[in-house]
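> With the input below, show me the fold.
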Amino acid sequence: MRQRRIGDVEVSAIGLGGMPMSIEGRPDRNRSISTIHAALDAGVTLIDTADAYHAGADEVGHNESLIAAALATYGGDAGDVLVATKGGHLRPGDGSWTVDGSPAHLREACEASLKRLGVGAIGLYQFHRPDPRVPYADSVGAIRDLLDEGKIRMAGISNANPERIRLANDILGGRLVSVQNQFSPVFRSSEPELRLCDELGIAFLPWSPLGGIGRAGDLGTVHEAFQAVAGRYGVSPQRVCLAWMLAKSPVVVPIPGASRPATILDSLAAAELELAPADVAELDAAGGTV
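So this is what the prediction gives:
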């Protein structure tokens with residue numbers, strides 16, 4: 001599989017998003033672990049997770065623990081797999097999402113993630129979502145401290161605008177390695193952040209790149225241009241979507257979610273799909289921003 005870089009680490013051009021394996025409607029544990037193992041067999045070396053990827057209030061970190069178990073039981077070599085997790089977003093257990101960007105919470109969350117993942121240092125730790133009650137500089141300052149202390153090896157942010165990307169990079173002393181924002185054929189308002197990451201050489205990790213849970217299967221129906229291009233190449237519109245993102249910039253590393261081996265394998269095949277410039281232009285012109 002083609003490679004991209006996050007900081008000084010080479011990763012697969014497409015990663016695996018773990019969220020669908022842990023929230024409401026998730027598959028059974030065996031199928032989830034089989035999905036992760038299938039991704040590893042296919043060459044995935046980036047797995048994205050978060051402590052907030054769970055359903056019940058009593059199972060914080062469900063997805064982190066699941067990924068740790070899958071890596072521990074994998075029959076091959078998983079030593080080069082980068083696990084990227086996040087802190088600062090919470091799920092009370094009633095289906096809602098809340099935030100806590102206080103330095104005290106981020107430190108506590110990082111320590112808990114370290115234990116669940118069973119590592120001495122987290123490969124990539126990302127501030128999940130801004131907290132309007134806490135100055136952004138304070139939240140990112142806590143991530144900087146974790147980086148300086150060796151609790152995490154690399155630092156990233158999520159759900160950030162250009163101003164916050166620049167601020168975070170300054171606070172981190174130029175050590176910001178990733179930005180994880182929503183980006184898909186319909187959600188294109190993160191184009192400015194993608195361009196800034198390209199300018200600064202910071203990895204841009206689109207979350208919900210296929211439109212999100214429950215909508216990815218309809219991508220070709222909702223976005224006719226992606227179906228048209230897919231027909232010309234004889235592949236799925238989902239594969240075309242990911243190939244389109246890869247073609248936009250060498251800093252883009254999509255992290256599609258998956259809960260079945262077949263789904264992630266189709267997504268990963270996008271890394272080998274080279275779209276013609278005319279196709280990329282056609283897809284750029286399609287869709288819209290919400």
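> Now do the helix or strand bottoming out on mean pLDDT in the chain: everything it contacts.
The helix or strand of the chain with the lowest confidence, counting by mean pLDDT, DSSP states H and E, is helix 219-222 at a mean of 84. For helix 219-222, contacts defined as C-beta atoms under 8 Å, 6 or more residues apart in numbering pick out Pro185, Val186, Leu210, Gly211, Arg215, Phe226, Gln227, Ala230, Ser236, Pro237, Gln238, Cys241. All C-beta spots, glycine's among them, are computed from the backbone N, C-alpha and C.
> and that helix, C-alpha only, in PDB?
Output of helix 219-222 as PDB, limited to C-alpha atoms (Å, rounded to 0.1, in the frame of the first residue of the first chain):
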ATOM      1  CA  LEU A 219     -22.700   8.000  -1.500                       C
ATOM      2  CA  GLY A 220     -23.100   7.100  -5.200                       C
ATOM      3  CA  THR A 221     -26.800   7.800  -5.200                       C
ATOM      4  CA  VAL A 222     -26.600  11.200  -3.400                       C
END
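> Could you check it and say which residues are buried?
Residues of helix 219-222 classed as buried by neighbour count (16 or more other C-beta atoms under 10 Å): Leu219, Gly220.
> After it, which helix or strand is next?
helix 224-233 (DSSP states H and E).
> residues of that following helix that come out buried?
Of the residues in helix 224-233, those buried (16+ other C-beta under 10 Å) are Ala225, Phe226, Ala228, Val229, Ala230, Tyr233.
> Check stretch 159-171 too.
Neighbour counts using 16+ other C-beta under 10 Å place Asn159, Ala160, Asn161, Arg164, Ile165, Leu167, Ala168, Asn169, Ile171 of stretch 159-171 among the buried residues.
> if you average pLDDT over it, what comes out?
Average pLDDT, stretch 159-171: 98.
> With stretch 283-290 instead?
For stretch 283-290, mean pLDDT is 71.
> same check, this time on stretch 124-135
Mean predicted lDDT for stretch 124-135 stands at 98.
> end to end, how far does it reach?
Terminal residues of stretch 124-135 lie 22 Å apart, using C-alpha to C-alpha, to the nearest Å.
> residue boundaries of the helices in the stretch 51-200 of the chain?
Here the stretch 51-200 of the chain has its helices, by DSSP state H, counting those that start in this stretch, at 62-73, 103-117, 136-148, 162-171, 191-200.
> got the ones you listed as a markdown table, with distance to Ser22 columns?
As requested, the helices of the stretch 51-200 of the chain are exported to a markdown table (distance: least, C-beta to C-beta, whole Å):
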| stretch | distance to Ser22 |
| --- | --- |
| helix 62-73 | 4 |
| helix 103-117 | 12 |
| helix 136-148 | 23 |
| helix 162-171 | 27 |
| helix 191-200 | 26 |
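> Determine how far stretch 263-282 lies from the middle of the whole chain.
Relative to its chain's centre, stretch 263-282 lies at 18 Å (C-alpha atoms, centre = their mean, to the nearest Å).
> Much appreciated, bye for now.
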